[in-house]
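A.B. asks: Provided below for reference: sequence and predicted model.
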Amino acid sequence: MNAIETHALTRRFGPRTAVDGLDLTVRQGELFALLGVNGAGKTTTLRMLSGLLQPTGGEADILGFRLTQQPQEIKRRINLSPQETAVAPNLTVRENLELIAGIYGASRREAAQRAAETIAEFHLGEVERSRAKTLSGGWQRRLSIAMALISQPQLVFLDEPTLGLDVLARRELWQVIRSLRGRVTVILTTHYLEEAEALSDRIGILSHGRLRICGTAQELCAAAGETRFEEAFIKLAGEGVQ
Ligand SMILES: Nc1ncnc2c1ncn2[C@@H]1O[C@H](COP(=O)(O)OP(=O)(O)OP(=O)(O)O)[C@@H](O)[C@H]1O
């Protein structure tokens with residue numbers, strides 16, 4: 001079974017078509033990057049696939065459930081780490097994790113245990129008693145990803161997970177994201193092309209809401225007749241870089 005299969009998935013906002021007849025397949029356990037210039041439709045796609053936004057056309061099968069008919073079954077099995085970090089600023093790292101575990105139905109004891117396991121897994125020990133608002137951007141992003149994973153989803157969406165981070169913090173988060181490979185299906189969006197190239201099994205390029213091409217970084221380079229991925233992207237994204 002594939003983790004995601006979309007069939008002509010479409011989202012219009014008034015006269016504007018943000019996602020236009022998307023046919024996309026993502027395999028289970030895959031780390032898949034969705035790329036495209038500003039406004040290409042990445043966030044709208046993620047929001048539809050994670051049940052936050054209704055499609056205006058088409059359908060998707062997610063983890064074997066129909067998006068439009070079984071959204072609750074899907075929501076129970078997925079999670080999203082949004083672009084703007086969703087941490088509660090006045091709670092500590094541990095409290096944020098316990099809060100989310102509780103929201104997903106864990107008892108107080110289970111939530112405490114789940115938080116402790118997650119702190120260990122994501123190497124958050126040194127900041128576990130710090131209030132989230134006092135953390136650096138890199139730690140906040142790490143916490144945001146940990147919060148998305150604490151419900152033990154089968155599929156997780158990471159919307160620009162390393163946006164605005166320095167190169168060291170970004171590399172540290174790459175390690176975190178790589179550690180998810182194989183056990184969780186990960187869909188990420190990014191504007192950092194080297195990040196997509198370094199992390200993903202396959203890459204899809206959106207342009208004007210349409211999937212232009214999908215494949216490994218090598219396949220995309222070959223299709224564009226380029227050796228460097230950045231040059232291939234510029235050709236394939238097809239709108240010029242904004
Ligand atoms: N709520 C909305 N109302 C109206 N138009 C919207 C809405 N959300 C998105 N759009 C439009 O849909 C198109 C796709 O937007 P989307 O945010 O999905 O692109 P994106 O690829 O994620 O861009 P970015 O890289 O800048 O985050 C854009 O033209 C945007 O203006």
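C.D. replies: The structure has been received and is ready for your questions.
A.B. asks: CA atoms for contacts and neighbours, from now on please.
C.D. replies: Fine.
A.B. asks: how deep is Gly14 tucked in, by neighbour count?
C.D. replies: The number of residues packed near Gly14 is 7, by other CA atoms under 10 Å.
A.B. asks: measure it to Asp20 for me?
C.D. replies: For Gly14, the distance to Asp20 (CA to CA, to the nearest Å) stands at 13 Å.
A.B. asks: leaving out the residues flanking it, which one is nearest to Arg131?
C.D. replies: Thr92 (3.9 Å; CA to CA, 6 or more residues apart in numbering).
A.B. asks: helices or strands next to the longest strand anywhere in the chain in the packing?
C.D. replies: Using DSSP state E to define each element, the chain has its longest strand at strand 2-13. Using 3 or more CA pairs under 8 Å, 6 or more residues apart in numbering; DSSP states H and E as the contact test, the elements touching strand 2-13 are strand 16-22, strand 25-27, strand 57-62.
A.B. asks: and the residue most central in space within the chain, what does it touch?
C.D. replies: With distances taken as CA atoms, centre = their mean, Leu158 lies nearest the centre of the chain, 2.1 Å away. Leu158 makes contact with 80-83, 145, 186-189 under the criterion CA atoms under 8 Å, 6 or more residues apart in numbering.
A.B. asks: coming back round to it: the longest strand of the chain pairs with which strands, parallel or anti?
C.D. replies: strand 16-22 (antiparallel), strand 25-27 (antiparallel), strand 57-62 (antiparallel) (DSSP bridges).
A.B. asks: hmm, back to that, JSON lines for the helices and strands packed on strand 2-13, including mean neighbour count?
C.D. replies: Below are the helices and strands packed on strand 2-13 laid out as JSON lines (neighbours: other CA atoms under 10 Å):
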{"stretch": "strand 16-22", "mean neighbour count": "20"}
{"stretch": "strand 25-27", "mean neighbour count": "18"}
{"stretch": "strand 57-62", "mean neighbour count": "20"}
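A.B. asks: in stretch 212-226, what's buried?
C.D. replies: By 16 or more other CA atoms under 10 Å, the buried positions in stretch 212-226 come out as 213-214, 216-221, 224.
A.B. asks: so which of these are in strands?
C.D. replies: Counting by DSSP E, the part of those found in strands is 213-214.
A.B. asks: on that earlier part again, taking strand 57-62 as reference, get the angle to the strand or helix carrying the residue nearest to the centre of the chain.
C.D. replies: Element membership for Leu158, per DSSP states H and E: strand 155-159. Going by axes from the mean of the first three to the mean of the last three CA atoms, to 10 degrees, strand 155-159 is angled at 120 degrees with respect to strand 57-62.
A.B. asks: which residues touch whichever helix or strand comes after strand 155-159?
C.D. replies: Following strand 155-159 in sequence order, the next helix or strand is helix 167-178 (DSSP H and E). For helix 167-178, the external contacting residues (CA under 8 Å, 6+ apart) are 122, 138, 142, 162, 195, 199.
A.B. asks: wait, what's in contact with the last one?
C.D. replies: To tie it back to what came earlier, the one meant is Leu199. 31, 174, 177-178.
A.B. asks: on that earlier part again, and the strand holding Leu158, average pLDDT?
C.D. replies: The average pLDDT within strand 155-159 is 94.
A.B. asks: about what we covered before: return the member of the buried residues of stretch 212-226 nearest to Asn2.
C.D. replies: Nearest to Asn2 among the buried residues of stretch 212-226, counting by CA to CA, is Cys214 at 15.4 Å.
A.B. asks: isn't Asp61 right next to Glu5, touching?
C.D. replies: Yes. Judged on CA atoms under 8 Å, Asp61 makes contact with Glu5 at a distance of 5.1 Å.
A.B. asks: three-state assignment of Ala148?
C.D. replies: helix (DSSP: H, G, I helix; E, B strand; the rest coil).
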